[in-house]
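Enquirer: how would this look folded up:
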Amino acid sequence: MKSSGIAIAVTFAALTGVGGFFVGKGAGSSGGGDEEASLPTKSTLSQTTSTQSNGGTGTVQPNLRGYELSKNPRQGLETLLEELRQSPMAQMDFEALFGIWDMVQYLDAYELQSLMAELDEMGGGQEMLAVRMMLLNRWAAKDGPAAMESVFEGEKGMMQMIGATGAMLGWMRSEPDQAYAWFKENGDRLGGSAMGMGKEQIEAMYFANMAKTDFDGTMAKLDGMESKTQKAVIQQLAQSAGMDPERRSELLDYLKSKDDPDLLHDARRSIVQQMAWQDPQAAIDFIESENPRDDLRDELVDNATSMWSHTDPAGAVEWLGEELKGQPDAGEKISSSFGQWVGQDEAEAAQWLASQGDEFKTDSVFRDAGHGLINSGEYERSAEWFEQIIDDDDRRVNYDRLYQSWKEEDQAAADQWKTQLPAEEAAMISQESSVGAAVGAVIGASVGEAMEEVPAEEEE
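Expert: Below you'll find the predicted structure:
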């Protein structure tokens, strides 16, 4: 099985399973309790047509296309699969994938079981991994024991692990106590892990769900857990408590009483990562309030600013600028965030850099700025940043990467730029695919498949 197919299944596991488990993915789902009571069904939809009051409020508008397609499940699925296969985004077209996810939510357990039995007849490629996972996820939410037994009777090897993951996540979302009881009795059948989700992570999901309604009760069970399970549960609790000061304090007080610095640091890191997505400054304030030792503080700050730069690179860089003034490694520490800022607003980023000291104007900053512009297709602007790199070898390597990316889009413009370089610089640029193409392959494909396909060295 190709790594890209596995990557697709893992990605969709996160979307249909983990995402659904924690935030209640699915029309009408509340994220917990009996899914049969919360999801729309054919019977409820047949009685509930789209209505709107005279005042323009109170609209009830289920996804009628998914509902209509679900009236003939096999034909509906084949229609949606054909749309997915025709998509230029192929297996990563999440709109098409969620069209399938939406349709199967209206099917009952028997219909889902029947579709599973017919999947192999429908042919298809790697996109069927995600479809199989979706069907098992929905089936298990309605009949967990039957779905799990189907996985172990009808699947083998990697397909069994993929299927078990999808089914267990769906079942645990709708009936967590029953799913956990089955897991405790049959967990060894899952093997060491299911697509990166070890048995400890599955247990952690159960306790994280329990903590939503009984945080104190969940905390009370920590001492009785095996160490690996305990660590996984604490990480989940830390994420769920990230923006809740009371729960966060309760968890950290417990960990501080255990005199386990590594476990405490893991929890702080999970809290910081969760907080930084929503409120980066609050994450920074939290780090300062915990007063960890210097090396751990630096790691937590790096985690926070890395998350920060994904949502607000300008804010992250400006904060780092104040934090790092005069430090010799300042440029290295801002370079990644600065590159993202340049990709969003080059003029504003360049103006900020011009006002800073020399400790920020380093080769790593110029390099990441250039790559931020390559990603935006601004090749000429990228070249101007690379020109500022002082180290000759570093500059030439990045010129080569720029050229390889540029020529894929506009060979003539790339060649024209190359002719304007000093002769010794131009001579270092390869005409054939090189390091730059390898980097592009990694970006354009799944990491696993790219690592298989990129040769160790070019052959003449």
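
Enquirer: drop to CA atoms for contacts and neighbour counts, all remaining ones
Expert: Noted.

Enquirer: so where's this protein uncertain?
Expert: 1-63, 89-92, 190-198, 431-460 (pLDDT under 70).

Enquirer: what ranges do the helices span in the stretch 201-350 of the chain?
Expert: Secondary structure of the stretch 201-350 of the chain by DSSP state H, counting those that start in this stretch: the helices cover 215-220, 227-240, 245-257, 261-278, 280-290, 294-311, 313-324, 330-344, 346-354.

Enquirer: turn those into a markdown table, columns for distance to P176 and mean neighbour count.
Expert: Formatted as a markdown table, these follow (distance: least, CA to CA, whole Å; neighbours: other CA atoms under 10 Å):
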| stretch | distance to P176 | mean neighbour count |
| --- | --- | --- |
| helix 215-220 | 14 | 15 |
| helix 227-240 | 15 | 21 |
| helix 245-257 | 22 | 14 |
| helix 261-278 | 24 | 21 |
| helix 280-290 | 31 | 17 |
| helix 294-311 | 31 | 18 |
| helix 313-324 | 39 | 18 |
| helix 330-344 | 40 | 23 |
| helix 346-354 | 49 | 14 |
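
Enquirer: save those helices as JSON lines, and put in distance to A426 too.
Expert: JSON lines is the format used below for the helices of the stretch 201-350 of the chain (distance: least, CA to CA, whole Å):
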{"stretch": "helix 215-220", "distance to A426": "63"}
{"stretch": "helix 227-240", "distance to A426": "50"}
{"stretch": "helix 245-257", "distance to A426": "57"}
{"stretch": "helix 261-278", "distance to A426": "43"}
{"stretch": "helix 280-290", "distance to A426": "43"}
{"stretch": "helix 294-311", "distance to A426": "34"}
{"stretch": "helix 313-324", "distance to A426": "33"}
{"stretch": "helix 330-344", "distance to A426": "25"}
{"stretch": "helix 346-354", "distance to A426": "26"}
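
Enquirer: how much space is there between I429 and I390?
Expert: 17 Å (CA to CA, to the nearest Å).

Enquirer: that should have said M243, apologies.
Expert: Going from M243 to I390 by CA to CA gives 44 Å.

Enquirer: ok, those two, which is more surrounded?
Expert: M243 (19 against 12; other CA atoms under 10 Å).

Enquirer: residues in contact with the more buried one?
Expert: M243 sits next to Q274, M275 when contact means CA atoms under 8 Å, 6 or more residues apart in numbering.

Enquirer: what do you get for A304?
Expert: Counting by CA under 8 Å, 6+ apart, the residues that A304 touches are V272, Q273, A276, P280, A283, I284.

Enquirer: how close does the last one get to D294?
Expert: Remark: distance between I284 and D294 (CA to CA) = 14 Å.

Enquirer: tell me where the protein has strands.
Expert: Using DSSP state E, the strands found in the chain span residues 193-194, 197-198.

Enquirer: thinking V301 is in contact with I287, fair?
Expert: Yes: because the distance of 7.4 Å satisfies CA atoms under 8 Å, V301 is recorded as touching I287.

Enquirer: out of the helices of the stretch 201-350 of the chain, nearest to F366?
Expert: helix 330-344 (7.9 Å; CA to CA).

Enquirer: and that closest one, how far out from the chain's middle?
Expert: Here helix 330-344 is found 22 Å from its chain centre; the criterion is CA atoms, centre = their mean, to the nearest Å.

Enquirer: what's the angle between that helix and helix 313-324?
Expert: 160 degrees (axes from the mean of the first three to the mean of the last three CA atoms, to 10 degrees).

Enquirer: packing partners for helix 330-344?
Expert: helix 294-311, helix 313-324, helix 346-354, helix 363-375 (3 or more CA pairs under 8 Å, 6 or more residues apart in numbering; DSSP states H and E).

Enquirer: so can I have CSV of those showing distance to Q236?
Expert: Shown next, in CSV, are the helices and strands packed on helix 330-344 (distance: least, CA to CA, whole Å):
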stretch, distance to Q236
helix 294-311, 17
helix 313-324, 26
helix 346-354, 36
helix 363-375, 33
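
Enquirer: cheers, nothing more for now.
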